[in-house]
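> Sequence first, then the predicted structure, then my questions.
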Amino acid sequence: MKIFQISVVALSLCMTSAASAESLKERKANKEATEAFEKVVGDTNTACGTSLKGEINFKSWNVKDTENISRSHCDHGLDQIRSVCGDEEGKKAVKQKIKKYVCKFGPKRAIELKGGTLTYTADKGISLDDFIKEYLMNNL
């Protein structure tokens with residue numbers, strides 16, 4: 001739990017320093033997204049017996065380009081991680097290989113696990129499928 005709290009503080013500090021360059025609209029959207037995301041990270045850690053850190057790369061979420069896209073796309077990756085933790089073997093694999101989850105926005109949906117960091121790139125498409133789970137099942 002301490003690691004999660006530290007990551008939340010670090011995320012808040014990063015957001016504070018970047019806030020001066022953001023509009024009020026962006027700051028509000030990022031705050032709402034962070035609060036919801038932190039809850040889902042906590043739920044994932046509880047379900048998986050992990051202490052993974054979560055991060056939304058807000059720099060990649062340009063309001064102009066992503067205005068009609070919910071940052072809750074980031075939650076979907078955590079939902080998929082939790083689905084892998086449905087049994088002890090899955091929990092063990094997640095605990096061993098995923099230490100951090102980063103969500104960002106890009107032109108094409110992608111997922112990569114490298115050095116303990118699972119990076120999900122959301123795009124403008126609908127992401128409520130098993131794209132992430134299939135990747136995890138093949139790469140954990």
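Looks like it came in fine.
> can you pull out the strands in this structure?
Under the criterion DSSP state E, strands of the chain are mapped to 53-56, 100-105, 110-114, 117-122.
> distance between the second one and the chain's centre?
This points to strand 100-105. 4 Å (Cα atoms, centre = their mean, to the nearest Å).
> Tell me the strands beside it, with direction?
strand 53-56 (parallel), strand 117-122 (parallel) (DSSP bridges).
> May I see the buried residues of that strand?
Y101, V102, C103, K104, F105 (16 or more other Cβ atoms under 10 Å). Every C-beta, even on glycine, is put in place using the N, C-alpha and C of the backbone.
> Quick one: those as JSON lines, columns for distance to C48 and pLDDT too.
JSON lines is the format used below for these (distance: Cβ to Cβ, whole Å; pLDDT from 0 to 100):
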{"residue": "Y101", "distance to C48": "11", "pLDDT": "96"}
{"residue": "V102", "distance to C48": "17", "pLDDT": "95"}
{"residue": "C103", "distance to C48": "17", "pLDDT": "91"}
{"residue": "K104", "distance to C48": "22", "pLDDT": "90"}
{"residue": "F105", "distance to C48": "25", "pLDDT": "87"}
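> Including mean pLDDT, could the strands paired with strand 100-105 go into JSON lines?
Formatted as JSON lines, these follow (pLDDT from 0 to 100):
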{"stretch": "strand 53-56", "mean pLDDT": "92"}
{"stretch": "strand 117-122", "mean pLDDT": "93"}
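> about what we covered before: among the buried residues of strand 100-105, which one lies nearest to K25?
F105 (16.0 Å; Cβ to Cβ).
> of the buried residues of strand 100-105, closest to S51?
Y101 (11.8 Å).
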